[in-house]
Every structure is written in C-alpha cells, then in structure tokens.
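Visitor: only geometry, no sequence info:
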RNA sequence: GUGGGUGUAGCUCAGCUGGUAGAGCACCGGGUUGUGAUCCCGGUUGUCGCGGGUUCGAGCCCCGUCACUCACCCCA
C-alpha cells in the first residue's frame, strides 16, 4: 500500500493495457485523417458559463456533474465535461467558419464529470471527438456515422449496434414536448418528485428511463418520429439513405434521446450489448443551434464523441486482441563492466537508426539476463563479455531457433539490421 | 444523491465453532564459474483497509469510518 492513491474515479493506464488504450485511440483518429479532418488541440478547462449556455442549464451534466472551481483571479472555470462546446468556441474564436466550408476537425483527450464511478463510468475519461461545421448537408451526418463504424470495425468489434433517430427541428420538438408532457402527466405523473420535475422540464428524457415500472407506463407514448416537420423528415431520410448506400447497418430507435440540450435532427448512439449498464461506447448528432447559443453566428454542425475507455472494455468483452505494441527487436546481454559500456553504446547506435534495442540492466547474472531477453520479445540476443571483446567477435543468438553465430564486433550493427529485414 | 457486494502478499484467492498468516502465479537467486521459454531446489514481499470496542486472546464477533466494486439517476 502506498500513501497516495489516485483521486476517486480517475484511472491510471499502465502497461500492458496502456498499449491497447493508445491503439484504440489511434484507430479512431486514423479514420478521421483518412476523411480530411484536421487536428484540434483544446484547453482542458473553460469558462463555466460556456458549458452552461452550450450544454444547457437544465441538463444533468451542467446542473450536478461539473468539476467547477474559482481560479486565483476570481474567475469560475470548469474542467470540460465534453468536447463539442469547446470545439465550436475555438472555431468561432479562430474565425474558421469564414473560411472554406465545411470545417472538419478532430480532437482527443480527457473529459471530466463528477459522478459516482461504476463499470464503464469514471470521473475522468478519454474521448476522441469529431466535428463538421458549416453546412447542414445530411451526407456529413452520414459521413461521421460511417467513420465511427469504420473505426469500430478496424478494431475488430463485431457486436456493436448503431441506434439512429431524429429529434426534429426546434419547433417540432417544442410541439411534441407539449403533447408528450400532457400524455406523461396523465400516465406517469406522481410516481416520484424527480420524474415529475423531468416531465415539466424535459419530458423527452422520461422516455429514456430504464426503470421497468416507468418503461411499462411509457410504452404507448407518442413518438417524435411521427411529429417531424417535412424538412427534418427529408433530412433524416437522406441520412438513412446514405447509410444504406454505404452499407452501414443501423436500428431505427424512435425513443433515442440525448442528455445534452444542443442536439437537433440526427442523433445516434453506438451501443455494445456485452457491456452492462453503461453500454454506449460512442454517440453524437447534429447541433445546428449551438453556435448561436454561445453567442456566435448561425453555424450548422454535426459531430460525435467516442469513448476510448468504453471501447477498450468492449474489445475485452468480445475477447478481441488489441493491436500489439511494437516491442524490442534486439536485446543485449552484457557480462562485466567493459561489456556493459560497449552494449550501451551499441544499443544507442541501433536506436538512432530506428531499431528497437534494449539491454539487461542491473548487472544481473547470465541466466537472469537471458530471461530478460526472452521476456523482451526480441528476435535476437547479443551476448558479450570480456573474452568476446578481446576476440573481436560476439555471439548473436536467434531466440526462436536457439541457433547462434559469431559476428565481428565492428559490423554488428549492420549485421543485426540485416537480420531483422 | 440512493442502494447492494467486497476489502488478507505485486496478482488471484484460501483461512473451520475466535488460539497469533497460507496457496498458486509472479518476482529474485541457485542447479549450469557464459545462454531464455521446460524441470528441480531455495528465497523476498503482509500495519489481514483504518479507528475503536468485546475477550486471557480478534483476519474471524460488535460499532464507526474509508476505499474499491456493481446498480439506480444520467452519460462516453
């Protein structure tokens, strides 16, 4: 036991799992690069008011899950609970919306929400995010969905299910909310205080309640998908048709609701059935009003965030081996001080040339050093002691076959690089 | 914020009706004065989460507390 532990809900990533963590992140980013998305580096904390306006005051994320503190200058700042709002702020600040459109961007990094940790949910978690701003072309919605789908496929996930819905335009949503509120008050009202409050403030979210007794009562609720304006309807149809053409499978989920206020029209979630309660491994949608909500010009946008931690859990649940990290290629086993100095020099030389090399540290014995060579995963071991240095040739051992040959010391570096070719 | 479960070695865990701490794996060393993954032998690691109580005696019983974990709400 050590004196300090990581703060509650804040994970460490250590080997060997950390390699898989990075591989998941990279697989997502690779897809975005293929599609012309540019990199965005964003601050980890922002003005608290930015999130309040952008994400929405009444959302759970803003009302009870933010890491908010006052800095030394008396300003209220908040560790970002999500990436989209900050990304849009950065685009507006840099004036990118006045350049070539659409602006397509990706970013990654830690997000923070003050929640009770459980499987698949931490207070600090990592997302890869993508945003496409400046046009309301439904093909962009489909592109983003297809890219997330491709990332999951590239990683080897086969059981992910894509849920798709449209929340309509603001007017559709307002009309529908009023109708749903009346319906819910009659059937679900009086169940408990929290639910009553939700019926008043954001009735759509009641449909997302997982409690069986609530599920039962909301079974016949009117659906938003039946209340879409002709414009929202045709946008949604276009998205679906692009996905069909691209061979991306999805499930129409008319009850899919998102917890962040800025979404409208397209919304989607990638759900993994083997994960337990926190089963959404990636999600997103269109947010055409967000820019205006934070004081910017009208600027349509669509985006998603994929959870790196949860995607890794999904890989583990499917027992898919994550891409292996590149390991050591040549391992040096020095016997004695002179040999160690020579080994160190050769290892450094090899590394400069791009060959992964390592050596046995700690002046351990032959047996221990060979064991370390074996564990390093290297294809070759170079064993050298004083008598080899005097002879001018050193034994190079093929660790798979066990065969060994003597190589002149002055050509060792090239010889080893030749062997590894 | 609410509820359930669990805290013993680096890891996974055993520990009987209370009698003073164990296994497997891992790690280190030796068997082989210079050759790994097998085998054999040996060795290291513990405030039994923490604090208090009951008892001649507590890993075990009681109270409190903290942490971890799963679930609700909500979300990636």
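Guide: Yep, it's here. Just so you know, these numbers come straight off a predicted model, no measurement behind them.

Visitor: Pull up the per-residue confidence for the residue nearest to residue A:233 when sequence neighbours are not counted.
Guide: In space, and not counting its chain neighbours, residue A:233 is closest to residue A:166: 7.8 Å by Cβ to Cβ, 6 or more residues apart in numbering. To be clear about C-beta, it is placed using only N, CA and C from the backbone, and glycine gets the same treatment. Residue A:166 carries a pLDDT value of 94.

Visitor: Run a quick check on residue A:166 versus residue A:235, I expect a contact.
Guide: Yes - the pair residue A:166 / residue A:235 is scored as a contact, 7.4 Å apart, by Cβ atoms under 8 Å.

Visitor: list residues touching both of these two?
Guide: Common neighbours of residue A:166 and residue A:235 (criterion: Cβ atoms under 8 Å, 6 or more residues apart in numbering): A:265, A:266.

Visitor: Looking at these two now, which is surrounded by more residues?
Guide: Using other Cβ atoms under 10 Å, the more surrounded residue of residue A:166 and residue A:235 is residue A:166, with 28 against 22.

Visitor: can you pull the contacts of that one?
Guide: So residue A:166 contacts A:224, A:225, A:228, A:232, A:233, A:235, A:236, A:239, A:265, A:266, A:267 (Cβ under 8 Å, 6+ apart).

Visitor: ok, what's across the strand from it?
Guide: Residue A:166 has these beta-bridge partners by DSSP bridges: residue A:266.

Visitor: can you give me the helices in the stretch 301-421 of chain A?
Guide: A:308-317, A:337-352, A:366-376, A:386-391, A:412-420 (DSSP state H, counting those that start in this stretch).

Visitor: Present those as CSV; the columns should include distance to RNA strand B and mean neighbour count.
Guide: As requested, the helices of the stretch 301-421 of chain A are exported to CSV (distance: least, Cβ to the nearest atom of the strand, whole Å; neighbours: other Cβ atoms under 10 Å):
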stretch, distance to RNA strand B, mean neighbour count
helix A:308-317, 5, 22
helix A:337-352, 8, 16
helix A:366-376, 3, 16
helix A:386-391, 3, 13
helix A:412-420, 13, 16
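
Visitor: Could you say which one of the ones you listed comes nearest to residue A:302?
Guide: helix A:308-317 (20.5 Å; Cβ to Cβ).

Visitor: just checking, what packs against the closest one?
Guide: Applying 3 or more Cβ pairs under 8 Å, 6 or more residues apart in numbering; DSSP states H and E, we find helix A:308-317 packed against helix A:17-34, strand A:124-133, helix A:138-155, strand A:280-286.

Visitor: Can I get those in TSV including distance to residue A:180, mean pLDDT and mean neighbour count?
Guide: Output for these, formatted as TSV (distance: least, Cβ to Cβ, whole Å; pLDDT from 0 to 100; neighbours: other Cβ atoms under 10 Å):
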stretch	distance to residue A:180	mean pLDDT	mean neighbour count
helix A:17-34	35	94	18
strand A:124-133	30	96	24
helix A:138-155	24	97	22
strand A:280-286	19	95	24
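
Visitor: Mean pLDDT and distance to residue A:276 for the helices of the stretch 301-421 of chain A - can I get that in a markdown table?
Guide: As requested, these are exported to a markdown table (pLDDT from 0 to 100; distance: least, Cβ to Cβ, whole Å):
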| stretch | mean pLDDT | distance to residue A:276 |
| --- | --- | --- |
| helix A:308-317 | 93 | 9 |
| helix A:337-352 | 94 | 43 |
| helix A:366-376 | 91 | 34 |
| helix A:386-391 | 90 | 57 |
| helix A:412-420 | 95 | 44 |
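
Visitor: Many thanks, I have nothing further to ask.
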